[in-house]
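[1] Could you look at this predicted model? Sequence included:
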Amino acid sequence: MTLDAEITAAGHPGGGAVSGRRAASVVVVALAAVLAFTGCAGGGTGGGMGHDGHGTSGADASTEANAADVMFAQMMIPHHEQALEMSAIVLAKHGVDPEVDELAEQIAAAQGPEIDQLEAWLDEWGAPRMPGDHDMGMDGMLTDAELDELEAADGASGSDLFLEQMIEHHEGAIDMAEAHQESGEHEGALELSAAIIETQAGEIERMRELLAE
């Protein structure tokens with residue numbers, strides 16, 4: 001595949017066109033991924049981790065990784081890290097809805113190990129973490145001002161604000177995971193992106209129910 005084709009495939013989101021700041025970010029990261037692969041063997045051990053923390057079979061997994069796989073890992077790591085930051089903020093508050101606390105703990109428990117797996121894959125593939133501040137162009141990422149707003153909120157208002165912000169954050173993660181499903185190649189990474197779609201869609205449904213109560 002040519003360099004242009006790799007960038008097009010890796011940067012194509014699930015179900016729609018990329019525009020504006022997000023498009024620039026995606027192209028930059030896709031280009032970095034392709035350059036990182038120049039002269040590198042594709043893939044590592046091939047084993048993966050599902051969203052519930054259970055390992056996938058290395059014998060059945062592809063050891064090949066392409067630019068879309070690298071971009072998925074590079075973008076999902078800072079996206080997950082912000083979800084952990086949001087969860088830590090709400091868990092430190094007093095007076096938060098116990099069900100919101102439980103959800104924040106669930107999100108942190110799932111996404112922490114996923115970050116470890118994504119970082120391990122980047123190491124195996126000889127690819128770096130996302131350079132610079134390109135993560136701020138990704139769907140669902142909160143601004144510093146929005147994080148400050150969440151931190152300043154009291155327990156009651158912080159519960160609702162966390163749910164509203166995390167719904168948007170999850171929707172951004174699902175968009176990235178769906179894009180990876182279209183263009184990725186590494187079996188373990190594809191299993192993880194599919195699990196992210198399923199799990200975070202379920203969490204969005206639960207968060208909307210909590211907001212409606």
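    Received, thanks.
[2] going forward, measure contacts and count neighbours with C-alpha atoms only.
    Fine.
[3] what residue ranges in this protein are flagged as low confidence?
    For the chain, the stretches with pLDDT under 70 are 1-63, 132-136.
[4] after whatever helix or strand residue 150 lives in, next one along is what?
    Element membership of residue 150 [criterion: DSSP states H and E] is helix 144-152. Proceeding N to C from helix 144-152, the next assigned helix or strand is helix 155-183, under DSSP H and E.
[5] residues of the next helix or strand after that following helix that come out buried?
    Downstream of helix 155-183, the next assigned helix or strand under DSSP H and E is helix 187-212. Judged by neighbour count using 16 or more other C-alpha atoms under 10 Å, the buried positions of helix 187-212 are 187-197, 199-201, 203-204, 206-207.
[6] Likewise for stretch 157-172?
    The neighbour-count check on stretch 157-172 (16+ other C-alpha under 10 Å) flags 158-163, 165-172 as buried.
[7] And those residues, which is closest to residue 98?
    Comparing the buried residues of stretch 157-172 against residue 98 with C-alpha to C-alpha places residue 159 closest, at 9.3 Å.
[8] Let me know how buried residue 92 is, in neighbour terms.
    By other C-alpha atoms under 10 Å, the residues close to residue 92 number 12.
[9] got the contact list for it?
    Residues near residue 92 by C-alpha atoms under 8 Å, 6 or more residues apart in numbering: none.
[10] Throw the buried residues of stretch 157-172 into JSON lines and include distance to residue 125, thanks.
    Listed next are the buried residues of stretch 157-172 as JSON lines, based on distance: C-alpha to C-alpha, whole Å:
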{"residue": "158", "distance to residue 125": "40"}
{"residue": "159", "distance to residue 125": "39"}
{"residue": "160", "distance to residue 125": "40"}
{"residue": "161", "distance to residue 125": "38"}
{"residue": "162", "distance to residue 125": "35"}
{"residue": "163", "distance to residue 125": "35"}
{"residue": "165", "distance to residue 125": "33"}
{"residue": "166", "distance to residue 125": "30"}
{"residue": "167", "distance to residue 125": "31"}
{"residue": "168", "distance to residue 125": "30"}
{"residue": "169", "distance to residue 125": "27"}
{"residue": "170", "distance to residue 125": "26"}
{"residue": "171", "distance to residue 125": "27"}
{"residue": "172", "distance to residue 125": "25"}
